[in-house]
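Q: Quick one, what's the 3D model for this:
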Amino acid sequence: MSSRPVHELIKELSQVLVQLSDKVVENLFNALHVVKHQDEQGARQIRIVDQEIDVAEVNLEERCLAFLALQQPVARDLRTIVTIIKINDDLERIGDLAVHIIDRMPEISPGMLESFVFEDMGMHAAEMVKKSIEAFISKDCMLADQVCALDEEIDVMHRSVFKKVTALMKNPDSDVDQLIAALSISRYIERMADHASRIAHEVIYLVTGEIVRHKGGFYEKLIESLKE
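A: Here you go, the predicted model:
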């Protein structure tokens, strides 16, 4: 590894990260499709792919740690490797959330799913992940800022689901278990968006050296919206 130019090694590690993100986004889309169509075979495939994602995440982290040990990078190169390690972790967690979605499949019917906006939420979350990785590759802070702005749209959708579920639960004939499953799926997608925002924050750190702190989580925003 040490005989190759540092910039080539970093480029290669970045490409591996992009490949991992593609697999994560595809598994997210497949998870929503599987739950919608109650596809048990598809659910098994998602678990298999998630195991592949886990292995790829560990392998990439090990390569990054080896790079740090052998190359002892400084300044921008060091920030880049640290950023790759952090993004790698966020992608693995997004992959886990896709599995959590299919874990809810036995608890919710297609009819219940259709009454919520999960497909739109999933599309938005996937778009955030894609854009955050694009921002990393192009070192584009403006694109990273756009990802953070999209997070608010996901929060609005999640608040809508939260309010709808709580309203439906007041009906004594409501299927509480299904409603809880619906709320959980919404929460998983909202957390995916949070991880995409974290990736965007890491891009801003990479480019500017500025550590961007989270400005209020979903439930803080929900409490404020309920006061309106």
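
Q: excluding its backbone neighbours, what's nearest Arg104?
A: With Cβ to Cβ, 6 or more residues apart in numbering as the criterion, Arg104 has its nearest non-adjacent residue at 4.5 Å, and that residue is Ala181. Where you see a C-beta, it was placed from the backbone N, CA and C, and this is true even at glycine.

Q: From Met169, how far out is that neighbour?
A: Per Cβ to Cβ, to the nearest Å, Ala181 is found 13 Å from Met169.

Q: The two: who's more crowded?
A: Ala181 (23 against 14; other Cβ atoms under 10 Å).

Q: The more buried one sits in which helix or strand?
A: Assigned by DSSP states H and E, Ala181 belongs to helix 176-208.

Q: What's the mean pLDDT across that helix?
A: The average of the pLDDT scores along helix 176-208 is 94.

Q: any idea how far that helix is from the chain center?
A: Its chain's C-alpha centre lies 6 Å from the corresponding centre of helix 176-208 when counted by Cα atoms, centre = their mean, to the nearest Å.

Q: Now the residue nearest in space to the middle of the chain: closest residue in space that isn't a chain neighbour?
A: Residue closest to the average C-alpha location in the chain (Cα atoms, centre = their mean): Met192, at 3.2 Å. For Met192, ignoring the flanking residues on the chain, the nearest one in space by Cβ to Cβ, 6+ apart is Ala125 at 4.4 Å.

Q: can you pull the pLDDT of Glu8?
A: 89.

Q: Can you give me the neighbour number for it?
A: As a burial measure, Glu8 scores 9 neighbours (other Cβ under 10 Å).

Q: in the helix holding Ala181, what counts as buried?
A: By 16 or more other Cβ atoms under 10 Å, the buried positions in helix 176-208 come out as 178-179, 181-207.

Q: same check, this time on stretch 119-130
A: 121-122, 124-129.

Q: So which of those residues is the closest to Asp39?
A: Distance from Asp39 was checked for each of these by Cβ to Cβ. The minimum falls on Gly122, at 15.5 Å.

Q: so where is the chain shaky, pLDDT-wise?
A: Per-residue confidence of the chain (counting by pLDDT under 70) places the weak regions at 1-3, 212-228.

Q: Now do the helix holding Ala181: which elements does it pack against?
A: In terms of contacts (3 or more Cβ pairs under 8 Å, 6 or more residues apart in numbering; DSSP states H and E), helix 176-208 is packed against helix 75-103, helix 110-114, helix 118-138, helix 141-168.

Q: can you count the residues close to Ala75?
A: 8.

Q: Which phi and psi values does Met169 adopt?
A: With angles defined as degrees, to the nearest 10, Met169 shows backbone torsions of phi -70, psi -20.

Q: Could you tell me how far it is located from Asp177?
A: Met169 sits 11 Å away from Asp177 when distances are taken as Cβ to Cβ.

Q: Name the residues contacting each of those two.
A: Shared contacts of Met169 and Asp177, defined by Cβ atoms under 8 Å, 6 or more residues apart in numbering, are absent.

Q: Of all the helices and strands packed on helix 176-208, which one comes closest to Gly42?
A: Of these, nearest to Gly42 by Cβ to Cβ is helix 75-103, at 8.2 Å.

Q: same for that closest one, what does it pack against?
A: Secondary-structure packing of helix 75-103 (3+ Cβ pairs under 8 Å, 6+ apart): helix 6-37, helix 40-71, helix 118-138, helix 176-208.

Q: between that helix and helix 118-138, how big is the angle?
A: Counting by axes from the mean of the first three to the mean of the last three Cα atoms, to 10 degrees, helix 75-103 lies at 160 degrees to helix 118-138.
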